[in-house]
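# Here is a sequence with its predicted model. Questions after.
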Amino acid sequence: MDPRNFPRIPQPVFNSVEEERQHRKIKLAAAFRIFGRLNYDEGVMGHISARDPEVPEHYWMNPFGVSFNQIKASDLLRVSLDGELIEGNGLLHPGGVPTHSAVLRARPDIISVAHTHSTYGTAWSAQDRLLDPISAESAVFYERHALYDSYASGERENLAAVLENNKAIIFKSHGLFTVGQSVDEAVYFFLSLEKVCKAQLAAESTGRPLKLLTHDHATAIANRVEAYAGWLNFQPAYQHILAEHPELAH
């Protein structure tokens, strides 16, 4: 079904910037709980950020060394684009802060960034090639994702430069990286991209030629699954995790 034909679910309206900030922090905490449930964490690695709605030069992210499965909104750290701790108790993530600061500084339109070493995304990242449009879900990323060698080029300004209009980047032999105009969008695209990687690995394991969508069909899908569709598709996962773990909102 074409997302443009979905009933239009209204996005929240806020009475104050404080209310919007808290809502964004709850979404971010929920994202970590979802990632933790899906085993996207790997020791102390992995991070997701959300730009502050009042001070765009600040963003919120997870403290270093805290389990994704335990993060609450009150645990999140407020960080400046210069990498300084502004608010919160905990250690700044030494790998996450430089990456998120560089991307959020270079792209004012981006609200959220997600990066972890999920199993199938990491497995696909060793293929050293882009994903094919083998399904409607795969086509969402058609000509909207890039390859990047984070080991050779770092995870700062060079990374920001290759984003362009992409929804995602595959870090070679490293993992997945997604961005969005909301936490919802960035996280949904990560969840979907991980499944897309799993699906293509499974399809190729049969040894049979893959049937690909045409360029025009894949392009049409990629063009229409944008910010609102990303936000919308995250809502069921968000509703479920919040109902199951209401404490994450505190």
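That came through, no problem.
# contacts, neighbours, all on C-alpha from now
Will do.
# if you go through the protein in chain order, where are the helices?
17-37, 96-106, 119-125, 136-139, 150-153, 157-163, 183-204, 215-224, 227-244 (DSSP state H).
# would a markdown table of the ones you listed with mean pLDDT be doable?
Converted to a markdown table, the helices of the chain look like this (pLDDT from 0 to 100):
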| stretch | mean pLDDT |
| --- | --- |
| helix 17-37 | 98 |
| helix 96-106 | 96 |
| helix 119-125 | 98 |
| helix 136-139 | 98 |
| helix 150-153 | 90 |
| helix 157-163 | 89 |
| helix 183-204 | 98 |
| helix 215-224 | 97 |
| helix 227-244 | 96 |
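# P56 is nearest to which of the ones you listed?
Distances from P56 to each of the helices of the chain were compared by C-alpha to C-alpha, and the smallest falls on helix 96-106, at 8.8 Å.
# Can you give the contact residues for that closest one?
Where contact means C-alpha atoms under 8 Å, 6 or more residues apart in numbering, the residues beyond helix 96-106 that reach it are 46-47, 49, 51, 57, 79-83, 110-111, 113, 155-157, 159-160.
# Could you measure from the residue of the chain most remote from its centre over to L77?
Relative to the average C-alpha location in the chain, and by C-alpha atoms, centre = their mean, no residue lies farther out than R208, which sits at 31.6 Å. If you measure R208 against L77 using C-alpha to C-alpha, to the nearest Å, the figure is 48 Å.
# quick one on the thing from earlier: do you know the pLDDT at the residue farthest from the centre of the chain?
As predicted, R208 sits at a pLDDT of 94.
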